[in-house]
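K.L.:
Return a 3D structure for these sequence lines:
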Amino acid sequence: MSSILSRWTGWKDFLLAQGHVSIILFVAYIGNNFPKSYHRNENHNPDMFWFVCGIMTVVALATLKHKESDPKRGVQLLSRAQTEEWKGWMQFAFIMYHYYRMYSAYNEIRVFVSAYIW
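P.N.:
Predicted coordinates for the structure are as follows:
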């Protein structure tokens, strides 16, 4: 018990922590009770889905970097950086699939999810 009391630095830290919790709870309350601007099923927009995916592809190609491989190891087919990059792309596709209700891409998204989990 004395170790807990020795770390107590006063009311200032206590009130600051309570303020942080209050702000987090307030943001959660606003997010939970915010009036909806549209019904969930009205957001089906395949054109916007493909447009956003195209924009992201252009941005990815524009920021492509070539990293020289270690001569001792040779060419690595699936390096850690490459698999992490693919995981990010799969997450992006999964979020866009759900946001734009892109039901025609269901099979591709299921393959992404299976590959990500496995």
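K.L.:
Tell me where the model's unsure across the protein.
P.N.:
Low-confidence segments of the chain, defined by pLDDT under 70: 1-9, 36-42, 66-76, 78, 118.
K.L.:
how about the strands of this structure, start to end?
P.N.:
Under the criterion DSSP state E, the chain carries no strands.
K.L.:
In it, which helix is the longest?
P.N.:
With DSSP state H setting the assignment, residue counts place helix 11-33 as the longest helix in the chain.
K.L.:
Only C-alpha atoms, please: export it in PDB.
P.N.:
Extracted in PDB, the C-alpha atoms of helix 11-33 (Å, rounded to 0.1, in the frame of the first residue of the first chain):
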ATOM      1  CA  TRP A  11      -4.700  16.400  -6.900                       C
ATOM      2  CA  LYS A  12      -3.300  17.900 -10.100                       C
ATOM      3  CA  ASP A  13      -2.500  14.500 -11.600                       C
ATOM      4  CA  PHE A  14      -5.800  13.000 -10.300                       C
ATOM      5  CA  LEU A  15      -7.900  15.800 -11.900                       C
ATOM      6  CA  LEU A  16      -5.900  15.600 -15.100                       C
ATOM      7  CA  ALA A  17      -6.600  11.900 -15.400                       C
ATOM      8  CA  GLN A  18     -10.300  12.400 -14.600                       C
ATOM      9  CA  GLY A  19     -10.400  15.100 -17.300                       C
ATOM     10  CA  HIS A  20      -9.000  12.800 -19.900                       C
ATOM     11  CA  VAL A  21     -11.500  10.100 -19.000                       C
ATOM     12  CA  SER A  22     -14.300  12.700 -19.100                       C
ATOM     13  CA  ILE A  23     -13.300  13.800 -22.600                       C
ATOM     14  CA  ILE A  24     -13.100  10.200 -23.800                       C
ATOM     15  CA  LEU A  25     -16.600   9.500 -22.400                       C
ATOM     16  CA  PHE A  26     -18.000  12.700 -23.900                       C
ATOM     17  CA  VAL A  27     -16.600  11.800 -27.400                       C
ATOM     18  CA  ALA A  28     -18.000   8.300 -27.000                       C
ATOM     19  CA  TYR A  29     -21.400   9.700 -26.000                       C
ATOM     20  CA  ILE A  30     -21.500  12.100 -29.000                       C
ATOM     21  CA  GLY A  31     -20.500   9.300 -31.400                       C
ATOM     22  CA  ASN A  32     -23.200   7.000 -30.000                       C
ATOM     23  CA  ASN A  33     -26.000   9.600 -30.100                       C
END
